[in-house]
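1. structure, please.
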Amino acid sequence: MSELSWNDSIRQFLKEAESAAPTPGGGSISALAAALGAAMTSMTANLSQGEKFAHIHEQITEVIRSMESLTTRCEELMAADIRSFEQYMTALKLPKGTDEEKRYRTHSLQTAVIAAIEIPMRLLEVCRDGLSHACRIAETSNKNVISDLGIGAILFEAAAQSALLTVDINLASLKDLDAKQSYEAKTAAIIREIAQIKEQTLLIVRSRIAN
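-> Now for the predicted structure:
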């Protein structure tokens, strides 16, 4: 099982991602994309400090603090994604010779599927929160790096769309139909919210670039 963290080099991460090993897979890549979105948002905030930006100091400080927290969350979710895949593979290998073994294997597989759904769902929430912070400083942050803030918004949205695919493929294996409908409704609501915030952020970013 891969044990990647932010301490590994980009080259090492890419090498493991492109290999035939199943992890890091799409879930881990989604977490990395979200962390890059947080990095771009944080960079914009860090370059929006000083006398010229004194009137938004508290807001900027909050954004920087929040991006640090979200980056940590992304790293935790990347590790959790890798562990959940391992959990699923372990369940898949369980014996199924007797009825009791079959019941235990089915239960273990469904438990693993739920974990594989809930981890990318938490990443969706991280992306929504990150985008909300980016949007809040889109009007007032340093215009010289406003394109970087827009790139951060795009990365958050890309990470969210990627996480959604991970949710969807695992929902197909979930046997509890009530739980499945609940997950589908929740992810649809978050994705709509994310799309609206991203569009609003990019509208402001493009307006400030043009003027």
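
2. low pLDDT regions in this protein?
-> 1-2 (pLDDT under 70).

3. nearest the geometric middle of it, what residue?
-> residue 123 (3.5 Å; C-alpha atoms, centre = their mean).

4. how about it, what does it touch?
-> 27, 30, 31, 34, 74, 77, 159, 160, 163 (C-beta atoms under 8 Å, 6 or more residues apart in numbering). From N, CA and C alone the C-beta is placed, and that goes for glycine too.

5. okay, and which of those map to helices?
-> Taking DSSP state H as the definition of helices, those contribute 27, 30, 31, 34, 74, 77, 159, 160, 163.

6. now do the contacts for residue 121.
-> Counting by C-beta under 8 Å, 6+ apart, residue 121 touches 163, 167, 183, 186, 187, 190.

7. ok, now which ones touch the last one?
-> It stands for residue 190. So residue 190 contacts 121, 124, 125, 128, 160 (C-beta under 8 Å, 6+ apart).

8. near the fourth one, how many other residues are there?
-> Pointing back at residue 128 there. Applying other C-beta atoms under 10 Å, we find 19 other residues in the vicinity of residue 128.

9. you'd agree it is up against residue 157?
-> No. If you go by C-beta atoms under 8 Å, residue 128 and residue 157 don't touch, sitting 9.7 Å apart.

10. coming back round to it: same list (the contacts of residue 190) but as CSV, adding distance to residue 39 and secondary structure.
-> CSV is the format used below for the contacts of residue 190 (distance: C-beta to C-beta, whole Å; DSSP: H, G, I helix; E, B strand; the rest coil):
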residue, distance to residue 39, secondary structure
121, 23, helix
124, 19, helix
125, 19, helix
128, 17, helix
160, 16, helix
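
11. ok so, going back, and of the ones in helices among the contacts of residue 123, the nearest to residue 20?
-> residue 27 (17.2 Å; C-beta to C-beta).

12. so who does the closest one touch?
-> 77, 78, 81, 82, 84, 85, 116, 119, 120, 123, 163, 166.

13. roughly how far apart are it and residue 48?
-> 32 Å (C-beta to C-beta, to the nearest Å).

14. with residue 114 instead?
-> From residue 114 to residue 48 the distance is 41 Å (C-beta to C-beta).

15. more neighbours: these two, which one.
-> residue 48 (24 against 17).

16. please pick out the residue of the protein most distant from its centre.
-> Farthest-from-centroid check, the chain (C-alpha atoms, centre = their mean): residue 98, 40.0 Å.

17. got the phi and psi for it?
-> phi -120, psi 170 (degrees, to the nearest 10).

18. if we can go back for a sec, selecting buried members of the contacts of residue 121 in PyMOL, what would you type?
-> To isolate the buried ones among these in PyMOL, judged by 16 or more other C-beta atoms under 10 Å, type:
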select buried, resi 163+167+183+187+190
